[in-house]
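Chemist: build me a model from this:
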Amino acid sequence: MKVKSNTRNENIKRINEIYKVLKENDFGYLIEENTFFKKFPFLRNRKAKKDDALLDETSPIRIRKVLEQLGPAYIKLGQMLSTRPDLVGMEIAEELQKLRDNTPVTPFNEMKALIEEELDTPLDEIFSNIDETPIGSASIGQVYRGELKGTGEKVAIKAQKPNSREIIENDVKIMKFLADRMDKYISATRTYNLPAIVSEFERSIFKEIDYLKELMNLQNLSRNFKDVDYIKIPDAYENYCSEKVITMELIKGVKITDLIERDYPKIDKKKIASYGVKSYFKQVLIDGFFHADPHPGNLIVTEDRKLCYIDAGMMGILNEDFKENLAELILLLLSGNTNNIINQLIYMGVISPLQNTPELQADIDDLMSLYYGAELKDMDGALEDLLNAMIKNNIILPREFVMIGRGIALIEDTGRKLDPEFNATAELKELSGNIMIDKYKPKRIGKVGMNYLLEVEHLAKDLPNTIRNTASKIESGDIEVKLKHEEISQLTNQLSVSLIISSLIIGSSLAIMAGGGPKIWDISAIGLIGFVFSAVLGAFLIIEYMVERE
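Modeler: Next comes the predicted model:
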């Protein structure tokens with residue numbers, strides 16, 4: 001008989017582990033304040049409730065320690081948040097960039113069993129040899145050096161650690177549960193919109209741990225760069241790939257991190273810097289399919305002096321309209337007109353008209369005055385500065401927009417470290433200008449015009465039905481109006497306690513009037529106890545109300 005594990009008990013055990021780690025780092029109240037019995041006002045933790053600021057100067061470090069201690073899923077969550085200062089603030093994002101995987105290396109025999117199960121073939125039938133010492137190890141996967149049997153081709157075999165997906169799935173469920181509870185019961189956490197953060201993380205992490213998606217990403221990148229002779233994308237061996245294993249070409253060369261630190265006589269650093277900026281801007285503005293994390297550790301200079309992108313687990317995707325609008329925004333940013341920049345951001349849906357505040361306008365004006373009259377070579381970082389100005393004004397930005405800003409900032413920073421005279425802005429302006437010229441070519445205008453005509457046609461066809469349906473609902477009284485109150489849950493709790501008190505008072509009065517049962521001071525004991533309990537509950541409710549009004 002097969003024994004099934006009790007998932008509920010495992011989840012309770014995991015929540016208890018999370019609570020202990022949070023408590024060790026002075027975040028225990030995040031769980032204490034959203035348990036079931038805390039719905040009652042008189043049982044709430046006063047210290048946590050008054051702590052509306054939630055964070056202090058030590059909090060970013062404590063948050064990083066919590067995520068490191070909780071394991072793979074939480075480390076990945078932290079690494080994702082390190083790229084989203086618009087969600088968590090600059091201080092926390094910068095601290096989370098220090099996150100490192102701290103999980104031990106999984107023994108080769110366990111990894112071998114997983115690879116053979118995934119590929120449905122013994123390893124010695126596929127590979128003539130495999131180095132049992134991993135060349136790379138992270139919280140979710142490990143990478144081994146191997147050699148294909150028969151052809152002798154050198155390969156890198158990337159495999160997930162056993163049960164990684166199951167562990168992540170359970171942790172994500174718990175994250176969602178805790179995020180919803182914190183958002184409901186702890187007002188100070190609502191600033192961070194924890195449920196939205198966890199939802200975005202859920203989408204990204206399950207893409208990253210599906211190696212078949214990474215295989216497709218490599219194939220798409222390779223197709224986009226097939227005519228670019230200075231860029232190398234690793235070949236993947238589709239027959240030896242699965243959801244948990246990917247076999248790809250082993251890239252030999254020098255990592256950009258090493259190239260920054262010391263000189264290699266055969267490598268021209270200026271050329272490599274140029275390759276980096278040209279290839280990345282091509283991905284963003286031409287292909288609309290770009291590497292989400294082009295930091296120096298994910299870039300290698302091959303033995304034949306090409307630039308190679310590795311780790312294609314996460315990619316950004318842009319549609320045609322967004323690419324053109326982004327190119328226009330870049331040109332407006334370089335020209336320095338604040339009103340046009342803000343109007344373009346609104347048109348792109350990056351910000352809403354309500355977010356166009358005097359404070360935002362003033363911050364962008366300050367940014368433009370900083371770059372006014374500057375040469376192109378002195379305007380590197382302008383897009384990143386624009387992002388930071390919006391983050392300063394508490395604007396939550398679209399994920400792809402933040403990824404682009406961060407990616408360009410990384411490429412610019414890497415370029416400057418390789419070449420002090422590096423100028424990414426000139427390349428960016430030229431490419432953006434070419435895109436805008438293409439936008440207004442007759443062929444492009446004709447294609448866009450046809451699309452608009454089709455949309456207008458569909459709208460015209462649907463409009464009579466829409467008007468008729470709306471009129472019918474108005475006539476029959478079926479139009480619904482939805483109201484939202486931010487503190488409705490708190491009001492409901494107080495109302496519930498008030499109803500309980502009222503019921504106790506009525507019941508106690510009836511018991512006293514009936515006069516039956518045991519007596520205290522010639523008064524019905526049941527009725528007297530009910531009145532006392534009602535008085536205690538009422539006193540707590542009044543105190544709760546007075547504290548909230550302070």
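Chemist: distance check, residue 197 against residue 396.
Modeler: 10 Å (CB to CB, to the nearest Å). Where you see a C-beta, it was placed from the backbone N, CA and C, and this is true even at glycine.
Chemist: what sits in contact with each of those two?
Modeler: residue 87 (CB atoms under 8 Å, 6 or more residues apart in numbering).
Chemist: between those two, which one's more packed in?
Modeler: residue 197 (18 against 15; other CB atoms under 10 Å).
Chemist: nearest spatial neighbour of that one, skipping sequence neighbours?
Modeler: residue 87 (5.9 Å; CB to CB, 6 or more residues apart in numbering).
Chemist: toward the C-terminus, what is the element adjacent to the lowest-mean-pLDDT helix or strand in the chain?
Modeler: Of all helical and strand segments in the chain, the minimum by mean pLDDT, DSSP states H and E falls on helix 46-50, at a mean of 44. Heading C-terminal from helix 46-50, the first helix or strand you meet, by DSSP states H and E, is helix 59-70.
Chemist: could you point out the helix or strand that follows that following helix?
Modeler: The helix or strand immediately downstream of helix 59-70 is helix 72-81, counting by DSSP H and E.
Chemist: pLDDT averaged over the next helix or strand after that following helix, what's the number?
Modeler: Per DSSP H and E, the first helix or strand lying C-terminal to helix 72-81 is helix 85-88. The average pLDDT for helix 85-88 rounds to 80.
Chemist: tell me the buried residues in helix 85-88?
Modeler: Neighbour counts over helix 85-88 (16 or more other CB atoms under 10 Å) mark 85, 86, 87, 88 as buried.
Chemist: ok, and what's touching the helix or strand following that helix?
Modeler: As assigned by DSSP H and E, the chain's next helix or strand after helix 85-88 is helix 90-96. The list of residues contacting helix 90-96 from outside it, by CB under 8 Å, 6+ apart, reads 55, 59-61, 63-64, 67, 78-79, 81-85, 88, 388, 391.
Chemist: ok now helix 90-96, how far from the chain's centre?
Modeler: When C-alpha coordinates are averaged (CA atoms, centre = their mean, to the nearest Å), helix 90-96 and its chain have centres 14 Å apart.
Chemist: mind saving the C-alpha coords of the next helix-or-strand element following that helix as CSV?
Modeler: As assigned by DSSP H and E, the chain's next helix or strand after helix 90-96 is helix 108-119. C-alpha atoms of helix 108-119 as CSV (Å, rounded to 0.1, in the frame of the first residue of the first chain):
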residue,chain,number,x,y,z
PHE,A,108,26.1,13.3,-8.1
ASN,A,109,24.4,9.9,-7.7
GLU,A,110,21.1,11.7,-6.9
MET,A,111,21.5,14.1,-9.9
LYS,A,112,22.4,11.1,-12.1
ALA,A,113,19.2,9.3,-11.2
LEU,A,114,17.1,12.4,-12.0
ILE,A,115,18.9,13.0,-15.4
GLU,A,116,18.4,9.4,-16.5
GLU,A,117,14.8,9.4,-15.5
GLU,A,118,14.2,12.7,-17.4
LEU,A,119,16.0,11.5,-20.5
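Chemist: what residues sit buried inside helix 108-119?
Modeler: Quick answer for helix 108-119 (16+ other CB under 10 Å): 108, 111, 112, 114, 115, 116, 118, 119.
Chemist: quick one: mean pLDDT for it?
Modeler: The model assigns helix 108-119 a mean pLDDT of 94.
Chemist: okay, now the sheet partners of whatever helix or strand comes next after that helix, with direction.
Modeler: Downstream of helix 108-119, the next assigned helix or strand under DSSP H and E is strand 127-130. Strand 127-130 sits in its sheet next to strand 141-148 (antiparallel), going by DSSP bridges.
Chemist: quick one: mean pLDDT over the next helix or strand after the partner strand.
Modeler: Counting by DSSP H and E, the element after strand 141-148 in chain order, helix or strand, is strand 154-160. For strand 154-160, mean pLDDT is 95.
Chemist: tell me the one of the buried residues of helix 85-88 nearest residue 410?
Modeler: Residue 410 lies nearest to residue 85 out of those, by CB to CB, at 14.0 Å.
Chemist: for the closest one, what are its contacts?
Modeler: Contacts of residue 85 (CB under 8 Å, 6+ apart): 92, 93, 94, 388, 391.
Chemist: mind checking how far it is from residue 94?
Modeler: 8 Å.
Chemist: and the contacts of residue 85 as CSV, adding distance to residue 240?
Modeler: As requested, those are exported to CSV (distance: CB to CB, whole Å):
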residue, distance to residue 240
92, 40
93, 38
94, 40
388, 44
391, 43
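Chemist: give the closest residue to residue 305 in space, chain neighbours not counted.
Modeler: In space, residue 305 is closest to residue 267, 6.2 Å off (CB to CB, 6+ apart).
Chemist: residue 303 is in contact with that neighbour, correct?
Modeler: No. The criterion here is CB atoms under 8 Å, and residue 267 misses it with residue 303 at 10.2 Å.
Chemist: of the two, which one has the most company?
Modeler: residue 267 (14 against 11).
Chemist: still on that earlier bit, part of a strand, is the residue nearest to residue 305?
Modeler: No. Assigned with DSSP: H, G, I helix; E, B strand; the rest coil, residue 267 falls outside any strand and is coil.
Chemist: now do the contacts for it.
Modeler: 254, 259, 301, 305.
Chemist: look up how far residue 140 lies from it.
Modeler: For residue 267 relative to residue 140 (CB to CB), the value is 32 Å.
Chemist: returning to that earlier point: my guess is the residue nearest to residue 197 contacts residue 194. True?
Modeler: No. The criterion here is CB under 8 Å, and residue 87 misses it with residue 194 at 9.7 Å.
Chemist: so which of the buried residues of helix 85-88 comes closest to residue 433?
Modeler: Looking across the buried residues of helix 85-88 and measuring by CB to CB, the closest to residue 433 is residue 86, at 28.3 Å.
Chemist: any idea how far that closest one lies from residue 363?
Modeler: 14 Å.
Chemist: what segments of the protein are strands?
Modeler: Applying DSSP state E to the chain gives strands spanning 127-130, 136-137, 141-148, 154-160, 231-232, 245-249, 253-255, 289-291, 299-302, 307-309, 315-317, 519-520, 523-524.
Chemist: which one of those lies closest to residue 238?
Modeler: strand 245-249 (8.8 Å).
Chemist: who touches the closest one?
Modeler: Against strand 245-249 from outside (CB under 8 Å, 6+ apart): 114-115, 118-119, 146, 153-160, 211, 214-215, 218, 234-237, 240-241.
Chemist: and for stretch 273-285?
Modeler: Contacts of stretch 273-285 (CB under 8 Å, 6+ apart): 224-225, 228, 230-231, 256, 289-291, 294, 299, 306-307, 309, 316, 318, 323, 326-327, 404, 407-408, 411-412, 414-415, 418-419, 422, 424, 427-428, 431-432, 435.
Chemist: can you flag the buried ones in the residues you listed?
Modeler: 224-225, 231, 256, 289-291, 294, 299, 306-307, 309, 316, 318, 323, 326-327, 404, 407-408, 411-412, 414-415, 418-419, 422, 424, 427-428, 431-432, 435.
Chemist: now, those that are in helices?
Modeler: 224, 256, 323, 326-327, 404, 407-408, 411-412, 414-415, 418, 424, 427-428, 431-432, 435 (DSSP state H).
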